[in-house]
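S.K.: make a model of this:
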Amino acid sequence: MAKTLKKKTLYVCQSCGAESPRWFGRCMACGEWNTCVEEFVTPQKSTRRINPDLVEGTEPTPITRVTALEGERPGTGIGELDRALGGGIVPGSVVLVGGDPGIGKSTLLLQACSRLGFEGSTVLYISGEESLQQVRLRAGRVGALTDGLMVLAETNLDVIAAHIERIGPALVVVDSIQTTYRPELESAPGSVSQVRECAAQLMYIAKRTGIAVFLVGHVTKEGTIAGPRLLEHMVDTVLYLEGERHHSYRILRAVKNRFGSTNEVGIFEMRESGMVEITNPSEIFLPEREGVGPGSVVVCSMEGTRPLLVEVQALVSSSNFGYPQRVATGIDPKRLPILLAVLEKRVGLKLGHEDVFLNVAGGVRIVEPAVDLGVALAVASSFRDRPISGKTVAIGEVGLGGEIRPVGHLGQRLMEAAKLGFETCILSKNNLKGIKRPKTLRIIGVTRIEDALEEAF
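M.R.: Coordinates of the predicted model:
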């Protein structure tokens with residue numbers, strides 16, 4: 001009489017997917033607290049013999065005989081989305097799109113599907129969170145009504161796979177992966193096992209058929225994709241749609257891309273008609289700068305291959321508490337105390353008992369160290385209550401010794417500043433060699449932060 005396999009209880013970390021036979025409060029793999037969930041697993045019968053039919057046609061091939069992917073990538077019709085993808089959609093690729101609730105993920109992908117549908121391609125949009133009537137309402141609002149766009153409200157992965165095989169679309173969008181489930185697994189949709197298995201099955205379909213698959217993923221409170229981080233390692237490309245809830249601008253940032261650069265970003269504006277591309281973001285993020293007050297400086301950051309000019313605002317005021325506040329929005333919060341320490345040690349600004357608030361206008365997030373000089377000048381301007389000219393842009397990294405370090409892509413930054421009407425640029429003296437200087441832009445080279453402050457004021 002055959003033995004029936006008993007169910008086994010496993011405890012899985014929702015953050016990293018680590019498994020344990022016992023409950024744990026803190027995951028030993030990733031160190032996160034309270035991420036343990038209980039799952040029931042039915043062990044599979046193990047067989048030591050390998051079925052010969054399984055290895056037929058899977059012989060290892062010399063890499064020189066492997067056929068390379070040729071031809072151009074089909075575009076989505078949205079230039080900023082193609083930029084973030086690295087030039088377009090790669091057939092058979094799996095793309096994970098994450099972002100906060102209501103940030104515009106579904107709207108952007110629905111617009112991309114409609115553009116492909118208008119061009120004659122068949123696209124399948126699978127909604128697991130909305131009914132067909134709700135999807136139709138959004139499609140009518142953003143102008144995505146085309147016969148090439150097929151919609152399906154389904155969460156059963158077996159049914160979804162059957163429709164993909166039958167229709168054979170050029171692109172499949174699953175919104176969202178957390179609502180999809182496999183009936184063979186007893187865990188609830190959105191659990192670690194379900195998310196992992198559903199993503200693996202969709203990836204297998206994509207690689208076997210050459211159909212590109214876009215997966216929409218929810219984001220946790222910490223800002224990461226909900227579910228195991230293993231999901232990010234499984235897919236080919238990971239895109240994050242970022243933006244402040246109270247601002248209309250959105251940034252689509254690639255954090256992983258097997259087919260392109262991870263430095264490229266796409267910039268959009270959320271309107272009633274959907275997501276609208278911003279082709280020249282510097283003009284959008286820079287307001288009218290005539291008569292600016294103290295604490296405002298323009299910096300130039302490289303987002304991929306595109307220079308972006310934004311305004312950095314600083315406010316320094318006397319602290320009413322024993323421990324002064326250090327608040328930074330739009331840049332790395334850990335970078336601000338370092339720059340304040342440099343200003344106090346190397347320049348002599350007494351900031352130890354001052355509250356310092358820093359903000360990047362427009363809701364943009366900047367991670368490049370080339371904005372260090374602009375941040376330091378903005379803080380000094382607010383502390384001394386002396387404004388810096390609105391026609392001045394600052395470019396440079398600040399070292400711990402107070403030195404101004406050179407940055408890359410300087411020619412593109414200077415051309416963008418000159419195009420927007422700036423008259424003066426303060427940068428590292430080591431960057432002056434061999435650069436092409438715009439005629440309308442006066443360039444000041446400095447070696448230390450003290451020299452930069454003297455030139456700015």
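
S.K.: how about the contacts made by residue 95?
M.R.: Residues near residue 95 by C-beta atoms under 8 Å, 6 or more residues apart in numbering: 85, 212, 213, 214, 215, 235, 236, 237, 238, 239. Every C-beta, even on glycine, is put in place using the N, C-alpha and C of the backbone.

S.K.: inside helices: which ones of the residues you listed?
M.R.: If you go by DSSP state H, those have residue 85 in helices.

S.K.: count of neighbours near residue 299?
M.R.: Using other C-beta atoms under 10 Å, residue 299 is surrounded by 26 other residues.

S.K.: please read the previous query as pertaining to residue 272.
M.R.: That count, for residue 272 with other C-beta under 10 Å as the rule, works out to 6.

S.K.: once you drop chain neighbours, what's closest to residue 313?
M.R.: With C-beta to C-beta, 6 or more residues apart in numbering as the criterion, residue 313 has its nearest non-adjacent residue at 4.8 Å, and that residue is residue 359.

S.K.: which stretches of the stretch 101-250 of the chain have low pLDDT?
M.R.: 219-230, 245 (pLDDT under 70).

S.K.: now the strands for it?
M.R.: 123-127, 149-153, 171-175, 212-217, 237-242, 249-257 (DSSP state E, counting those that start in this stretch).

S.K.: so can I have JSON lines of the ones you listed showing distance to residue 315?
M.R.: Putting the strands of the stretch 101-250 of the chain into JSON lines (distance: least, C-beta to C-beta, whole Å) gives the following:
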{"stretch": "strand 123-127", "distance to residue 315": "45"}
{"stretch": "strand 149-153", "distance to residue 315": "48"}
{"stretch": "strand 171-175", "distance to residue 315": "41"}
{"stretch": "strand 212-217", "distance to residue 315": "36"}
{"stretch": "strand 237-242", "distance to residue 315": "24"}
{"stretch": "strand 249-257", "distance to residue 315": "22"}
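
S.K.: just send these back as CSV, with distance to residue 329 and mean neighbour count too.
M.R.: Formatted as CSV, the entries for the strands of the stretch 101-250 of the chain read as follows, by distance: least, C-beta to C-beta, whole Å; neighbours: other C-beta atoms under 10 Å:
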stretch, distance to residue 329, mean neighbour count
strand 123-127, 34, 24
strand 149-153, 38, 18
strand 171-175, 30, 26
strand 212-217, 25, 26
strand 237-242, 13, 23
strand 249-257, 14, 20
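
S.K.: re the thing from before, let me see the residues that make contact with the helix or strand hosting the residue nearest to residue 313.
M.R.: Element membership of residue 359, judged by DSSP states H and E, is strand 354-360. With contacts defined as C-beta under 8 Å, 6+ apart, strand 354-360 is touched by 310-319, 324-331, 336, 340, 366, 375, 378-379, 383.

S.K.: which of the residues you listed are buried, as a ChimeraX select command?
M.R.: In ChimeraX, a selection of the buried entries from those looks like this (16 or more other C-beta atoms under 10 Å):
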select :310,311,312,313,314,315,316,324,326,328,330,331,336,340,366,375,378,379,383
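
S.K.: make sure residue 64 is indeed in a helix.
M.R.: Yes. Checked against DSSP: H, G, I helix; E, B strand; the rest coil, residue 64 lies within a helix.

S.K.: check contacts around it.
M.R.: Applying C-beta under 8 Å, 6+ apart, no residues contact residue 64.

S.K.: distance of it from residue 259?
M.R.: 21 Å (C-beta to C-beta, to the nearest Å).

S.K.: give the next helix or strand downstream of the longest strand seen in the chain.
M.R.: In the chain, assigned by DSSP state E, the strand with the most residues is strand 306-318. Using DSSP H and E, the next helix or strand after strand 306-318 towards the C-terminus is strand 326-329.

S.K.: parallel or antiparallel, list what pairs with that following strand.
M.R.: Using DSSP bridges, strand 326-329 pairs in its sheet with strand 354-360 (parallel).

S.K.: I'd like the mean pLDDT over the partner strand, please.
M.R.: The pLDDT scores in strand 354-360 average 94.

S.K.: that one vs strand 306-318, what angle?
M.R.: Per axes from the mean of the first three to the mean of the last three C-alpha atoms, to 10 degrees, the angle that strand 354-360 makes with strand 306-318 is 160 degrees.
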